[in-house]
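Asks: Fold the following.
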Amino acid sequence: MSGHFTLESIGDGGMVHLVGIGGAGMSAIATVLIEMGYPIEGSDIKESPYVRRLREMDAVVGIGHRAENLCDARVVVKSAAIRDDNPELMEAEKKGVPVITRAQMLAAIMSTRKGIAVAGTHGKTTTSSLATQMLLACGANPSYLIGGELNEIGGNAHYGEGEYLVAEADESDGSLLYLRPEVAVLTNIDGDHLDYFGSIENTADVFLRFLQLLPTGGLAVVCGDDRSAGSVGLDYRNQGGRVLFYGRSEVNEYRFSEEVIGESRTEYTAWYAGEMLGRVTVGIPGLYNAYNSLAALAVGHQLGMPTEQMIRGLGSFQGVRRRYERVGSCGGVQVIDDYAHHPTEVAAVLDLAGSVAPGRVVTVFQPHRYSRTRLLADEFGGSFAGADLVIVTDVYGAGEDPEPGVTGKLVADGIEERNPEKEIVYVPNRSELARTVVSLLEEGDTVLTMGAGDITRCASEILELLEEKNR
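Replies: The predicted structure is shown next:
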């Protein structure tokens, strides 16, 4: 992929303008650039905790996209959600200011450190967060740029003095091919972003091309239990690449066994090449988090980090915001928020909830993007088997234009078709959602708000209404 950009082209103290600065990925870029000494300006469509935090770091952030927001920037960085007709991009073109993508800027930042890039359809944020927490516990003082907030740190980005930089490698538009890490993790490959890739075969091809960009002496850590990822890893190994596989199966170099999944933790015994590394406990539930934490452990082990400190670091991990995050409980009802927005993720989270919840599992789901809803509607229909009651609201567009006939009802109808005995409620109006949910709850329920849009606000709204009801 072309479009190489270097920080040297900005010059010392050159202003950087970020359009869409309030998103998780863009705010991470802004935070690290500030810590590197660059003045930052930018804009977003609304206030947010990320925006407020950046202002506290002396970033100048405007609300609303306007040409006058662009002042003396040497370069403009745009998020994937920003359209070409954005007034700030048009003003940049008028002024002759170069415009680059978030991934190009991430690649430029990564070039200042030894990059550890976590790629895959699912699990990137948790795996990169676990790797960061582990390296911090080992005293490695890493830099990191993560798409979610680490609960222990209360942030998602930092430019550390250590030699390593941990970041997520976003495959949604192929932009991970800008990155040049020294270590790459491949968690899994699933059918997503098919509006861009067209097929899972094309998706796998992009991940293979990503591994092929690793330098001589670089390392790929690949989930051998995932069929598609494992196949890509084998292809890369056959081409002479250095690959180590991880998973539950004994054919993997790194594997876990004797796993115990609790309500708030995951435990297992970790092995490397037949040698026991130790008993690992992480403060987040789910079998998929055994995989995520083992991937992080494998990276650290290969970097020569002390095993005991790595295990201690993983043990101190208490999760990432919006990944099976406990928002609170009231009146015998527990409220949990999760970022799951793909059928595979939804099914995995509901499987976890069903194994630990004391009563009914009530899911409140907001489909994310019209293209994903259209392309994966049938798969969504089968992914809610683990819920006792499903409440679906309308699609969160995430910058996409609405498509005729593509609404949340498409998902609700698909679930009902696959699970005719299940109670399904469609609430298209987001403003009515929380009150409708609370009216359907019973003591002992576990409520899961799920999706990558603004459904996260519904979790706190539900909790507030429950508190009102129980006063």
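
Asks: The helix or strand hosting residue 376 - contacts with which helices or strands?
Replies: In the assignment (DSSP states H and E), residue 376 maps to helix 370-382. Other helices and strands packing on helix 370-382, by 3 or more Cβ pairs under 8 Å, 6 or more residues apart in numbering; DSSP states H and E, are helix 194-197, helix 343-356, helix 408-418. C-beta coordinates here come from the backbone N, C-alpha and C atoms, glycine included.

Asks: residue ranges with poor pLDDT in the stretch 101-250 of the chain?
Replies: 148-154, 191-198 (pLDDT under 70).

Asks: Try it again at 90.
Replies: 121-125, 146-156, 170-176, 190-203 (pLDDT under 90).

Asks: can you give me the strands in it?
Replies: Counting by DSSP state E, counting those that start in this stretch, the stretch 101-250 of the chain has strands at residues 114-119, 143-150, 155-158, 164-168, 183-186, 219-223, 243-247.

Asks: Now for residue 390: which residues touch it?
Replies: Counting by Cβ atoms under 8 Å, 6 or more residues apart in numbering, residue 390 touches 362-363, 365, 384, 412, 415, 422-425.

Asks: And the furthest pair within those?
Replies: The span of the contacts of residue 390, defined through Cβ to Cβ, is set by 362 and 412 at 14.6 Å.

Asks: now the helices: where do they sit in the stretch 351-471 of the chain?
Replies: For the stretch 351-471 of the chain, applying DSSP state H, counting those that start in this stretch gives helices covering 370-382, 408-418, 433-440, 456-469.

Asks: Among those helices, which comes closest to residue 158?
Replies: helix 456-469 (23.3 Å).

Asks: neighbouring contacts of the closest one?
Replies: Contacts for helix 456-469 (Cβ under 8 Å, 6+ apart): 322, 327-328, 330-331, 333, 335-337, 364, 366, 430, 433-435, 437-438, 441, 447, 449.

Asks: Mind listing what's buried along that helix?
Replies: 456, 458-459, 461-463, 465-466 (16 or more other Cβ atoms under 10 Å).

Asks: and it, how far from the chain's centre?
Replies: Using Cα atoms, centre = their mean, to the nearest Å, the distance from the centre of helix 456-469 to the centre of the chain it belongs to is 24 Å.

Asks: And for stretch 98-115?
Replies: 18 Å.

Asks: Now do the end-to-end distance for it.
Replies: 25 Å (Cα to Cα, to the nearest Å).

Asks: Next: stretch 385-397.
Replies: Termini of stretch 385-397 sit 25 Å apart (Cα to Cα).

Asks: And stretch 159-172, by the same measure?
Replies: 25 Å.

Asks: in it, what counts as buried?
Replies: For stretch 159-172, by 16+ other Cβ under 10 Å, it's 159-160, 164-171.

Asks: Which two of these have the greatest separation?
Replies: 160 and 171, at 25.6 Å, using Cβ to Cβ across the buried residues of stretch 159-172.

Asks: centroid residue for this protein?
Replies: residue 125 (3.9 Å; Cα atoms, centre = their mean).

Asks: how many other residues sit next to the closest residue to residue 115 other than its chain neighbours?
Replies: Closest residue to residue 115 apart from its sequence neighbours, by Cβ to Cβ, 6 or more residues apart in numbering: residue 181 at 3.4 Å. Using other Cβ atoms under 10 Å, residue 181 has 29 other residues around it.

Asks: give the contact list for residue 181.
Replies: Per Cβ under 8 Å, 6+ apart, neighbours of residue 181: 110, 114-117, 167, 169, 214, 218.

Asks: Residue 42 pairs with what?
Replies: Beta bridges link residue 42 to residue 18, residue 61, judged by DSSP bridges.

Asks: That one and residue 62: what is the separation?
Replies: As for residue 42, its distance to residue 62 is 8 Å (criterion: Cβ to Cβ, to the nearest Å).

Asks: Kindly point out which residues are neighbours of both of these two.
Replies: Joint contacts of residue 42 and residue 62 (Cβ under 8 Å, 6+ apart) are residue 69.

Asks: Who has more neighbours out of the two?
Replies: Per other Cβ under 10 Å, whichever of residue 42 and residue 62 has more neighbours is residue 42, with 28 against 17.

Asks: which residues touch the more buried one?
Replies: Contacts of residue 42 by Cβ under 8 Å, 6+ apart are 17-21, 26, 30, 54, 59-62, 69.

Asks: and which of those residues is nearest to residue 247?
Replies: Looking across the contacts of residue 42 and measuring by Cβ to Cβ, the closest to residue 247 is residue 26, at 33.0 Å.

Asks: So that closest one is in contact with residue 77, correct?
Replies: Yes. With contact defined as Cβ atoms under 8 Å, residue 26 reaches residue 77; the gap is 7.3 Å.

Asks: So between the two, which is more surrounded?
Replies: residue 77 (29 against 25).

Asks: so how far is stretch 130-145 from its chain's centroid?
Replies: 18 Å.
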